[in-house]
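# need a structure here:
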Amino acid sequence: MEDQEEEPRNYLGNLGQQIKRHWQEHRPRMYRELEQRGQLHQALVQAQNQTSDALHHLLKQGVPYDQAWESVREEWAFLPTEADH
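Next up is the predicted model:
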């Protein structure tokens with residue numbers, strides 16, 4: 001039997017809170033639109049989970065943490081500022 005001490009997949013953890021602050025500061029239009037549509041929490045959880053899963057996958061492949069984090073952090077979580085895209 002696998003050890004199931006993972007947090008629920010819809011829980012917004014520390015990473016999710018960091019993503020939320022980043023989006024508020026650097027992606028305010030996207031943040032407001034998601035909030036107005038009632039999709040903010042789900043989008044944050046999805047970004048958190050995708051980032052965490054990708055990081056875990058790279059670490060299991062033996063990629064050093066710093067390199068793995070650098071390669072996944074901007075994919076879903078720490079998006080460029082709205083003016084940059």
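# what is whatever helix or strand residue 73 lives in packed up against?
Counting by DSSP states H and E, the element that carries residue 73 is helix 65-76. Using 3 or more C-beta pairs under 8 Å, 6 or more residues apart in numbering; DSSP states H and E, the elements in contact with helix 65-76 are helix 40-60. No exception for glycine: its C-beta is placed from N, CA and C like everyone else's.
# what sits up against the helix holding residue 73?
46-47, 50-51, 54-55, 58-59, 63, 80 (C-beta atoms under 8 Å, 6 or more residues apart in numbering).
# name the spans of this structure whose pLDDT lies under the cut-off.
1-9, 76, 84-85 (pLDDT under 70).
# ok, and the closest non-adjacent residue to residue 34?
residue 40 (4.2 Å; C-beta to C-beta, 6 or more residues apart in numbering).
# quick check: the gap between that neighbour and residue 72.
Remark: distance between residue 40 and residue 72 (C-beta to C-beta, to the nearest Å) = 21 Å.
# neighbour count for the two, which is higher?
Taking other C-beta atoms under 10 Å, residue 40 and residue 72 do not tie; residue 72 has more neighbours (21 against 18).
# could you measure the closest residue in space to that one that isn't next to it in sequence against residue 71, distance?
Spatial nearest neighbour of residue 72, chain neighbours left out: residue 54 (4.3 Å); criterion: C-beta to C-beta, 6+ apart. Distance, residue 54 to residue 71, by C-beta to C-beta: 8 Å.
# who has more neighbours, those two?
A count of neighbours by other C-beta under 10 Å puts residue 54 above the other of residue 54 and residue 71, at 18 against 13.
# in contact with residue 80, which residues?
26, 74.
# tell me the phi and psi of it?
phi -60, psi 160 (degrees, to the nearest 10).
# from residue 61, how far off is it?
From residue 80 to residue 61 the distance is 26 Å (C-beta to C-beta).
# next: residue 17.
Counting by C-beta to C-beta, the gap from residue 17 to residue 61 is 27 Å.
# ok, residue 70 next?
Taking C-beta to C-beta, one finds residue 70 at 15 Å from residue 61.
# those two: which has the busier surroundings?
With neighbours defined as other C-beta under 10 Å, residue 70 and residue 61 compare such that residue 70 has more, 11 against 8.
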